[in-house]
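Undergrad: need a 3D model of the sequence below.
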Amino acid sequence: MPDASRAAFIPSDVITPERDITHEHFAPGDRIVVIKGVDDGVLWGDAMTVVTPSWHTPTNEDGWRLRNPEGGARSFITGHPRYLVHLSTHCPDCLIYQRALQDYLVPKFPGSAPVDVGWYSITELNQLVHVADGRAGGR
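TA: Numbers count the residues shown, from 1 in each chain. Presented below is the predicted three-dimensional model:
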């Protein structure tokens, strides 16, 4: 992950909240990335490994326990399937989603400095949550 600055403005994410991806799309051992921003014209994010099914509390839906190879206090977090993009396979669904994010985000951040668009945070229960998926978001 690059040493990214937080975006001065946070563009609303019109793509991820509408992503229709099932829990079964991913499996233990899959390498995934959670796209978090733009770095010199390309998307970047946190690469992790899918470990096991886990309830995603912010959405009250099935999620996945993810292992961050960087370790530390957040070695394991839980994320919703719509946040995840396959790294280990050439998955058409994930490639379409990634391309849509690329087409949407890259023009908004044309500079060469890494930018975190601020769509994700981690709760006190180590749950990765998208800005659209907080309890107040009603999902």
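
Undergrad: contact partners for the residue most central in space within the chain?
TA: Central residue of the chain (Cα atoms, centre = their mean): Val34, 2.8 Å from the mean position. Val34 makes contact with 45-46, 48, 79, 83-85, 120, 128, according to Cβ atoms under 8 Å, 6 or more residues apart in numbering. Where you see a C-beta, it was placed from the backbone N, CA and C, and this is true even at glycine.

Undergrad: show the pLDDT at the nearest residue to His23 once chain neighbours are set aside.
TA: In this structure, His23 finds its nearest non-sequential neighbour in Asp62, 4.2 Å apart by Cβ to Cβ, 6 or more residues apart in numbering. Asp62 is assigned a pLDDT of 96 by the prediction.

Undergrad: and Asp62, how many residues sit next to it?
TA: Neighbourhood size, Asp62 [other Cβ atoms under 10 Å]: 14.

Undergrad: could you do Arg65 as well?
TA: 19.

Undergrad: so which strand or helix has it?
TA: strand 61-67 (DSSP states H and E).

Undergrad: go through this protein and flag its longest strand.
TA: strand 42-56 (DSSP state E).

Undergrad: report the mean per-residue pLDDT for that one.
TA: On average, strand 42-56 scores 95.

Undergrad: ok now it, how far from the chain's centre?
TA: Relative to its parent chain, strand 42-56 has a centroid offset of 7 Å by Cα atoms, centre = their mean, to the nearest Å.

Undergrad: show me what it pairs with in its sheet, parallel or antiparallel.
TA: strand 31-39 (antiparallel), strand 61-67 (antiparallel) (DSSP bridges).

Undergrad: redo those strands as CSV? Include distance to Glu24.
TA: Formatted as CSV, the strands paired with strand 42-56 follow (distance: least, Cβ to Cβ, whole Å):
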stretch, distance to Glu24
strand 31-39, 14
strand 61-67, 9
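
Undergrad: relative to Asp20, which of the ones you listed is closest?
TA: Closest to Asp20 of these, according to Cβ to Cβ: strand 61-67, at 12.6 Å.

Undergrad: so which bits of that closest one are buried?
TA: Neighbour-count burial for strand 61-67, counted by 16 or more other Cβ atoms under 10 Å, picks out 63-66.
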